[in-house]
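Return atomic coordinates for the entry below.
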Amino acid sequence: MRLLPRSLFGRMVLILLVGLVAAQVLSAALSLYERETYFYRIGRVEAAQRIAEIVKLLDSLSIQERRRIVEVLDTPRVRIILDVPVPASGPVVPAAAGSLGLFQSNLRDYLGADRAIRVNPGDSPLANPAVEVKLKDGSWVGFYQRPRPHIVWPRRLLANLLILLMAMVLLLLVAVRWVTRPLSLLADAAEQLGKNINRPPLAEEGPIEVQRAARAFNHMQVRLVRYMQNRSRILAAMSHDLKTPITRLRLRTELLDDAELKTRFAKDLEEMGAMVSATLDFMRGVDKPGVLQPVDIMALLESLQADAGELGQEVIIEGTTSRPFACDPQALKRCVGNLVENAVKYGKKATISVEDN
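Prediction:
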C-alpha cells in the first residue's frame, strides 16, 4: 500500500504506535466507565442512607413540622414531596443484582423489611431512581432526583495517560531504532561493497542474529576478494603468456609472400596485441581511455562483413553514411563485432542498419 512507510523502521514504528494508542484508548475508556459506575454505585448507597434518615425524621414529626423540614431539606438535586398519591401497584421487588438492587437492598436495611417502598429505576441502570416511601401514619413521601449532570472528564487521569503515552512513544522510537540500526549498517555495507571490495569489515557485535549476519557478510566479502584476486592473476597470466605467441606470429607474418594475406594477418595480430595490452592495463589498475579519432563507419562495417564472409557467415548492411564518427576504433569494432557474432550465432545471419542522425 502507498500509505505504508517504505522503510522497516517506519513500518515497525507505525505498527507499534497504532497498537500502543489503541491499548491506551481502550484502557482509558474502561477506566472511565469503571470510574463512573463506581461513583454512581457509591452515590446510590449514600442516597439510600440519606433517604432512610429523612424518612425516620419525618416519621417522628407532625404534618406541619414535616412541611418545614421538607422546605429545608429540599435541594435542586433532590426534590422531596409530601402526600404523594398512593401507588396503584405494590412495591417493586428489589433487583437481584446491580447498583439498583444494591440501592433497594440498602433502603430495606435502613428502613426495615416491612416498610412499603416503590422504586422507579429510570431509563437505564445508571439513571437516578425515583423513590416513594410509605410513612408510619400511612401517607407517602416521594424523593425525585433530577437527571445526573454530564460526565466530568478527569483531567488528571487524562493528563497521566497522555504523559504515559508520550513516554512510551519515545521509548518505542529508541527501541525500534536500536533494533533496526544494524540492518541499516548492513545495507550500507552491501552498497559500499560494490564500490570498494576492500572496504573494512563489519563489526560483529550486537544481538546474536545481527552478529551472525555481520559474520556471514564478512565471510562473503573475503571470498569475493579472494575470487577477484584469483581471477585477476589468471587473466594477467593468460594475457602475459599470449604476448609471446603473438610476437612469433608477427615474425612469421613478415615472411609471407602474399601481400594481401600478410596485411590481414598483421591487422588481426595488431588487434590481438591491443586487446592483450588493454587487459593487462586493467589488471594493473591503470585506466587508459581510448584515443578518439574520426572513423569511417562504412569501412569498419565492411571489414566486419568481410571477416564474417570468410567464416561462411551472412552479414547484410542496410543504408549508408558518409560522415566520420569520432570514437575509439578498437572499442567500437569489438562492440559491433560481438553484436554481429551473437546475431549470427542465434539468428543464422546479421543485418546492420546504418543511417545519419
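
Can you show me the strands along this protein?
Across the chain, reading from the start of the chain, the strands by DSSP state E fall at 78-81, 117-120, 130-134, 140-145, 293-295, 314-318, 325-327, 349-353.

which of these has the lowest average pLDDT?
Lowest mean pLDDT within those: strand 117-120, at a mean of 79.

helices and strands around that one, which ones?
Counting contacts by 3 or more C-beta pairs under 8 Å, 6 or more residues apart in numbering; DSSP states H and E, the secondary-structure elements packed against strand 117-120 are helix 98-111, strand 130-134. Using the backbone N, CA and C atoms, a C-beta is placed for each residue, glycine as well.

Paired strands for that strand, with orientation please.
Paired with strand 117-120 in the same sheet, following DSSP bridges, are strand 130-134 (antiparallel).

which residue packs closest to Ala213, ignoring adjacent ones?
For Ala213, the nearest residue in space outside its immediate sequence neighbours is Leu186; the separation is 6.0 Å by C-beta to C-beta, 6 or more residues apart in numbering.

roughly how far apart are that neighbour and Thr244?
Taken as C-beta to C-beta, to the nearest Å, the spacing of Leu186 relative to Thr244 amounts to 47 Å.

With neighbour numbers in mind, choose between the two.
Shown here are Leu186 and Thr244; by other C-beta atoms under 10 Å, Leu186 has more neighbours (16 against 9).

wait, doesn't the more buried one sit right on Leu202?
Yes: with contact defined as C-beta atoms under 8 Å, Leu186 and Leu202 form a contacting pair (7.0 Å).

Show me whatever sits in contact with both of the two.
Ala214, Phe217 (C-beta atoms under 8 Å, 6 or more residues apart in numbering).

sorry, back to before: determine which of the helices and strands packed on strand 117-120 approaches Gly337 most closely.
For the helices and strands packed on strand 117-120, the distance to Gly337 is smallest for helix 98-111, at 94.7 Å, taking C-beta to C-beta.

list the helices and strands the helix or strand of the chain with the lowest mean pLDDT packs on?
Using mean pLDDT, DSSP states H and E, the weakest-scoring helix or strand in the chain turns out to be helix 259-284, at a mean of 73. Packing partners of helix 259-284 (3+ C-beta pairs under 8 Å, 6+ apart): helix 208-253, helix 329-347.

do that again at 10 Å, thanks
Helices and strands in packing contact with helix 259-284 are listed as helix 208-253, helix 297-310, helix 329-347; criterion 3 or more C-beta pairs under 10 Å, 6 or more residues apart in numbering; DSSP states H and E.

Take these and write them to JSON lines, including distance to Asn106 and mean pLDDT.
Conversion of the helices and strands packed on helix 259-284 to JSON lines gives the following (distance: least, C-beta to C-beta, whole Å; pLDDT from 0 to 100):
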{"stretch": "helix 208-253", "distance to Asn106": "62", "mean pLDDT": "79"}
{"stretch": "helix 297-310", "distance to Asn106": "108", "mean pLDDT": "83"}
{"stretch": "helix 329-347", "distance to Asn106": "98", "mean pLDDT": "84"}
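
Looking at those, which is nearest to Asp356?
Distances from Asp356 to each of these were compared by C-beta to C-beta, and the smallest falls on helix 297-310, at 9.9 Å.

most packed of the helices and strands packed on strand 117-120?
For the helices and strands packed on strand 117-120, the stretch with the most neighbours on average is strand 130-134, a mean of 20; neighbours defined as mean count of other C-beta atoms under 10 Å.

C-alpha coordinates for that one, CSV please?
The C-alpha atoms that make up strand 130-134 are tabulated as CSV, following Å, rounded to 0.1, in the frame of the first residue of the first chain:
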residue,chain,number,x,y,z
ALA,A,130,-37.4,8.0,41.9
VAL,A,131,-38.3,6.6,45.4
GLU,A,132,-41.6,6.7,47.1
VAL,A,133,-41.8,5.5,50.8
LYS,A,134,-44.8,4.9,53.0
